[in-house]
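In: Sequence and predicted structure are below.
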Amino acid sequence: MEPVPIALLALAAMTSSGPQTSNNPVISGWYADPELHAFENRYYIYPTYSAPYEKQTFLEAFSSPDLINWHREGVVLDLKDIPWSTNRAAWAPTVIFRDGTYFMYFGAGDGAGLGVATSKHPGGPYKDALGKPLIKDVINGAQPIDAMAFLDDDGQAYLYYGGWQHANVVKLSKDMLHIEGDFHEITPEHYVEGSFMLKRNGEYIFMWSEGGWGNSTYGVAYARAKSPLGPFKRVGKILGTDPEVGKGAGHHSVLRIPGTDEYLICYHRRPLHETDANSRVVCIDRLVFDKDGNILPVKQTVEGVKAHLLSKR
């Protein structure tokens, strides 16, 4: 039997008992830096556990058939199994599928570098693939954190990453386990961290987080270019603090709903009443482009994603 496309699975689930929405936050607990994917007819979220560094010793995953009902896959990577890590500050995983394998690039602790782990299932578990960091050194001033793996239409894979107000991009080998060529600094104006690459209509849209992660200045901005290497000139900010909904919204990912031209933005924000910097929750809202390919400001919501989005083909 042929698998049912994820958009139809989600639509059926979301409309079976009348109109529904995903609601925000979409998962319970304090989480940040979420990356949203559609793998094997399910949606997956890979977040950072939002807590003091010493408690960030693992990475988890959550999956859903419909963006409403989320299942905790459990711990998919534990730093205690990675001797070269600091066993603290496990940050911002990015996952990509290629040639039958899922590759997770992750921050293995402040100072330890970026690692890569593999699995045959999107829900893990993921095992360290190299026994050492993929990127250890600070290059072009970029702290080796907050990676985003991107596979272009021509089969070339790239890794975008960086903290400390510097961003790099570098090519990955076909086996996704090695660096190829030079590191290119692509830092746009106001960049801080949280790199993300989106390709739409042949154009490369580089996105990032700016401001201070622990306060209301945090937000998401973007740039447009004709090449995956840039240059990336800042267009503007599209997500931040909404005094009526949430503050410090940022460190996001974007997913095109399979089979549609609709886009979702998955991000974290801090509830208005919370003062602890680590009190962050994962939310999903629409990402909308205008006729010229510019991203409209994101409207933060409490209700989240509506079912009708998934019916568009």
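Out: The structure has been received and is ready for your questions. Residues are numbered from 1 along each chain as shown.

In: low pLDDT regions in the stretch 101-250 of the chain?
Out: Nowhere does the stretch 101-250 of the chain drop to pLDDT under 70.

In: which stretches of it form strands?
Out: Applying DSSP state E, counting those that start in this stretch to the stretch 101-250 of the chain gives strands spanning 101-108, 114-119, 127-128, 148-151, 157-161, 168-172, 179-185, 193-200, 203-210, 219-225, 233-239, 246-256.

In: Please identify which of these is closest to Asn23.
Out: Proximity to Asn23 (Cβ to Cβ) singles out strand 246-256 among these, at 13.4 Å. (C-beta placed from N, C-alpha, C; glycine too.)

In: Give me the buried positions along that closest one.
Out: Burial within strand 246-256, assessed by neighbour count using 16 or more other Cβ atoms under 10 Å, is assigned to Gly246, Lys247, Gly248, Ala249, Gly250, His251, His252, Ser253, Val254, Leu255.

In: cool, and stretch 121-137?
Out: Pro122, Gly123, Gly124, Tyr126, Asp128, Ala129, Pro133, Leu134, Ile135.

In: Ok, stretch 148-165 next?
Out: By 16+ other Cβ under 10 Å, the buried positions in stretch 148-165 come out as Met148, Ala149, Phe150, Leu151, Ala157, Tyr158, Leu159, Tyr160, Tyr161, Gly162, Gly163.

In: So what sits opposite the third one in the bridge?
Out: Same thing as Phe150. For Phe150, the beta-bridge partners are Tyr158 (DSSP bridges).

In: among the buried residues of strand 246-256, which two are most distant?
Out: Lys247 and Leu255, at 23.6 Å, using Cβ to Cβ across the buried residues of strand 246-256.

In: Go ahead and confirm Arg234 touches Arg224.
Out: No: judged on Cβ atoms under 8 Å, Arg234 makes no contact with Arg224 at a distance of 9.8 Å.

In: ok, back up a step: which one of the buried residues of strand 246-256 is nearest Glu303?
Out: Gly246 (13.2 Å).

In: What distance do you get for that closest one to Ala167?
Out: For Gly246, the distance to Ala167 equals 25 Å [Cβ to Cβ, to the nearest Å].

In: quick revisit: Serialize the buried residues of stretch 148-165 to CSV and add fields for distance to Lys80.
Out: Shown next, in CSV, are these (distance: Cβ to Cβ, whole Å):
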residue, distance to Lys80
Met148, 25
Ala149, 24
Phe150, 30
Leu151, 30
Ala157, 29
Tyr158, 30
Leu159, 25
Tyr160, 28
Tyr161, 24
Gly162, 27
Gly163, 24
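
In: With respect to Pro297, which of the residues you listed is nearest?
Out: Met148 (22.0 Å).

In: which stretches of the stretch 1-150 of the chain form helices?
Out: All helices of the stretch 1-150 of the chain, identified by DSSP state H, counting those that start in this stretch, fall at 6-15.

In: Tell me, how many residues neighbour Ser63?
Out: 18 (other Cβ atoms under 10 Å).

In: do you know how far Tyr49 is from Leu272?
Out: Distance of Tyr49 to Leu272, computed by Cβ to Cβ: 22 Å.

In: contacting residues around Leu198?
Out: Taking Cβ atoms under 8 Å, 6 or more residues apart in numbering, we find Leu198 in contact with Tyr204, Ile205, Met207, Val254.

In: Then Tyr160?
Out: Counted by Cβ under 8 Å, 6+ apart, Tyr160 has contacts Ala147, Met148, Phe150, Ala167, Asn168, Val169, Ile186, Ser195, Phe196, Met197, Phe206.

In: Wait, the last one touches Glu189, no?
Out: No: when contacts are counted by Cβ under 8 Å, Phe206 is not listed as touching Glu189 (11.9 Å).

In: re earlier: which residue of Tyr49 and Leu272 possesses the greater neighbour count?
Out: Shown here are Tyr49 and Leu272; by other Cβ under 10 Å, Tyr49 has more neighbours (19 against 13).

In: Not counting its neighbours along the chain, what's nearest the more buried one?
Out: Spatial nearest neighbour of Tyr49, excluding adjacent residues (Cβ to Cβ, 6 or more residues apart in numbering): Gln56 at 5.4 Å.
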